[in-house]
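J.: Any chance you can model this:
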Amino acid sequence: MAAPTVLSDAYVVAKRNLIKIKRVPDLLVFTTLSPIMFVLLFAFVFGGAIDVPGGSSADAYREYLMAGIFAQTVIFGATITGAGLAEDIKKGIIDRFRSLPMAPSAVLTGRTLSDVVNNVLVLVVMSLTGLLVGWGIHSSVGEAALGFVLLLVFAYAISWVMAWLGMLVPSVEVFNNATFIVIFPLTFVANTFVPLESLPAALQTFAEWNPVSAVTQASRELFGNIPPGVPTPDAWPLQHAELYTLIWTGIFLLVFIPLANAQYRRSASR
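T.: This is a model prediction of the structure:
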């Protein structure tokens, strides 16, 4: 099917999903409240007790914290893709889509693109919250924009993993439990909330090669949240955080876009 047709169909599907957020604003509210809670909890409860490179004050930790919160938030935001598809399959909506004269790939493309918009809105709210608690951007406008784009691109790749998984599991409840079990440790066994030096050796090695650590490190560098004089990390993924993030992004897209589209053709209402 021609690319313009795929894009126009994807636009219609994306618009449908965004209208759903407008009609059910609780989706956006609760997606936003959770990361705000994490910011306030870590910034004001744990901030003074965690030493970070470049300073041990609560203000230094808030600067360190926000990139990790951003990374965790957009990754959890990507799970909306899978949950939405699991719900659509259960309700028979995917069967209706397949009966329409539209490009099959447009359903998944539209779904993932609409969730990028959702992540943009959440990042805006999170950035404003960060500014209120003492976080700031200390780099150029271009570098800061690149930091946000990198977060969104990485989350977009994760959303294709979630799309495949959402069509594979039998229900939304199973999907939510399965993703929580995987994503929660991935986002915590990383440099998101604590320096890697504080982790045991085995976990530190895992965290150094964890792509979540790379996207967090890249964001910190691009936002200018790494104080002068902090030594360069020893691990290659953190020395080349932007490149390592893009490598994983490419892997996720190359592997899971075909898998998700193949699973879409096999999926049936439950």
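
J.: quick one: low-confidence ranges for this structure?
T.: Across the chain, the ranges flagged by pLDDT under 70 are 1-4, 46-49, 53-58, 268-270.

J.: ok, which stretches of it are helices?
T.: Under the criterion DSSP state H, the chain contains helices at 3-23, 26-41, 58-90, 93-99, 104-133, 141-168, 172-188, 201-209, 211-223, 236-239, 241-266.

J.: Just checking the distance from the last one to the centre of its chain.
T.: Using C-alpha atoms, centre = their mean, to the nearest Å, the mean C-alpha position of helix 241-266 is found 14 Å from that of the whole chain.

J.: follow-up on the earlier one: ok, and which of the helices of the chain has the densest surroundings?
T.: Compared across these, helix 211-223 shows the largest average neighbour count, a mean of 26 (mean count of other C-beta atoms under 10 Å). C-beta here means a position set from N, CA and C on the backbone, and glycine is covered the same way.

J.: Out of the helices of the chain, which is closest to residue 52?
T.: Closest of these to residue 52 is helix 58-90, at 4.3 Å (criterion: C-beta to C-beta).

J.: residues contacting residue 261?
T.: Applying C-beta atoms under 8 Å, 6 or more residues apart in numbering to residue 261 gives the contacts 104, 105, 108.

J.: any idea how far residue 101 is from residue 111?
T.: 19 Å (C-beta to C-beta, to the nearest Å).

J.: same question, residue 249
T.: Residue 249 sits 18 Å away from residue 111, going by C-beta to C-beta.

J.: before we move on, what about residue 233?
T.: Distance from residue 233 to residue 111, counting by C-beta to C-beta: 36 Å.

J.: Without its sequence neighbours, what residue ends up closest to residue 176?
T.: Distances taken as C-beta to C-beta, 6 or more residues apart in numbering put residue 83 closest to residue 176, at 6.5 Å, once the chain neighbours are dropped.

J.: I'd guessed the one you found sits against residue 167; true?
T.: No: using C-beta atoms under 8 Å, residue 83 is not in contact with residue 167, being 11.3 Å away.
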